[in-house]
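**Q** need coordinates for the following:
(one chain, ligands or ions: 1)
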Amino acid sequence: MTDTDRRESTRAGSDVSDPAERDVSDPTERDEDEWRERLTDEEYRVLRENGTEARFSGDYVDHDEDGVYRCAGCGAVLFDSETKYHSGCGWPAFYAAADDAVTTRIDESHGMRRTEVRCGSCDSHLGHVFEDGPDPTGKRFCINSVAMDFEDDPTDFEDDSHDV
Ligand SMILES: [Zn+2]
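**A** Predicted coordinates for the structure are as follows:
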């Protein structure tokens with residue numbers, strides 16, 4: 001009896017929050033037209049054209065709430081607020097990324113040699129990582145606000161136990 005009750009309430013609950021939230025298309029299969037439709041102009045410029053938002057212009061530069069930062073392109077969790085710190089550089093800075101969340105590659109554009117950070121799930125451009133960060137990693141992930149969506153402390157994750 002408790003099983004049935006729980007299942008009913010879970011289903012009802014998820015129906016309410018589902019519609020726009022869940023992304024059904026596979027982000028690795030999107031063509032550029034689809035990306036354009038899904039993203040705002042500024043998101044497209046940063047995520048898909050390796051753009052950079054203006055210093056101190058982003059929503060998350062001084063953002064200090066507890067939660068996680070997800071990829072604006074695909075929703076994957078990229079950074080935990082616990083690793084965010086104030087670098088003074090004008091973009092949100094983190095000393096570590098979530099496990100396997102990002103990939104890096106050398107970027108030699110603009111006459112500089114930098115290490116670019118991309119989403120490990122949808123390969124969107126996020127920002128750059130530098131070696132002048134604080135302990136314990138010594139890294140500074142300098143990430144565009146527009147490339148991320150913040151989500152409050154994810155107590156929802158406990159719901160995962162209902163699955164299967
Ligand atoms: Zn992504």
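**Q** torsion angles phi and psi at the nearest residue to residue 113 once chain neighbours are set aside?
**A** The shortest distance from residue 113 to any non-neighbouring residue, by Cβ to Cβ, 6 or more residues apart in numbering, is to residue 106 (6.7 Å). For every residue, glycine as well, the C-beta is placed using N, CA and C. The phi/psi pair for residue 106 (degrees, to the nearest 10) reads phi -70, psi 130.
**Q** then residue 97?
**A** The phi/psi pair for residue 97 (degrees, to the nearest 10) is phi -100, psi 160.
**Q** residue 117 falls within a helix, correct?
**A** No. Read with DSSP: H, G, I helix; E, B strand; the rest coil, residue 117 is strand and lies in no helix.
**Q** ok, it - how many residues close by?
**A** Number of residues near residue 117 (other Cβ atoms under 10 Å) recorded here: 25.
**Q** quick check: buried residues in stretch 76-93?
**A** 76, 77, 78, 79, 80, 81, 83, 84, 87, 91, 92, 93 (16 or more other Cβ atoms under 10 Å).
**Q** quick one: the closest residue to the third one other than its chain neighbours and residue 117, what's the gap?
**A** Closest residue in space to residue 78, ignoring its immediate chain neighbours: residue 101 at 4.8 Å, by Cβ to Cβ, 6+ apart. Here residue 101 is placed at a distance of 10 Å from residue 117 (Cβ to Cβ, to the nearest Å).
**Q** residue 57 now?
**A** 19 Å.
**Q** identify the bridge partners of residue 141.
**A** According to DSSP bridges, the partner residues bridging residue 141 are residue 94, residue 129.
**Q** ok, it to residue 28 distance?
**A** 22 Å.
**Q** got it, and residue 56?
**A** As judged by Cβ to Cβ, residue 56 and residue 28 stand 33 Å apart.
**Q** please state the backbone phi and psi of the residue lying closest to residue 42 once chain neighbours are set aside?
**A** Using Cβ to Cβ, 6+ apart and skipping residues adjacent in sequence, the residue nearest residue 42 is residue 146, 5.3 Å away. For residue 146, the backbone dihedrals are phi -70, psi -20 (criterion: degrees, to the nearest 10).
**Q** quick check: residue 146 touching residue 58?
**A** Yes. Between residue 146 and residue 58 there is a contact under Cβ atoms under 8 Å: 6.4 Å.
**Q** compare those two (neighbour count), which wins?
**A** Between residue 146 and residue 58, residue 146 has the larger neighbour count (other Cβ under 10 Å), namely 23 against 20.
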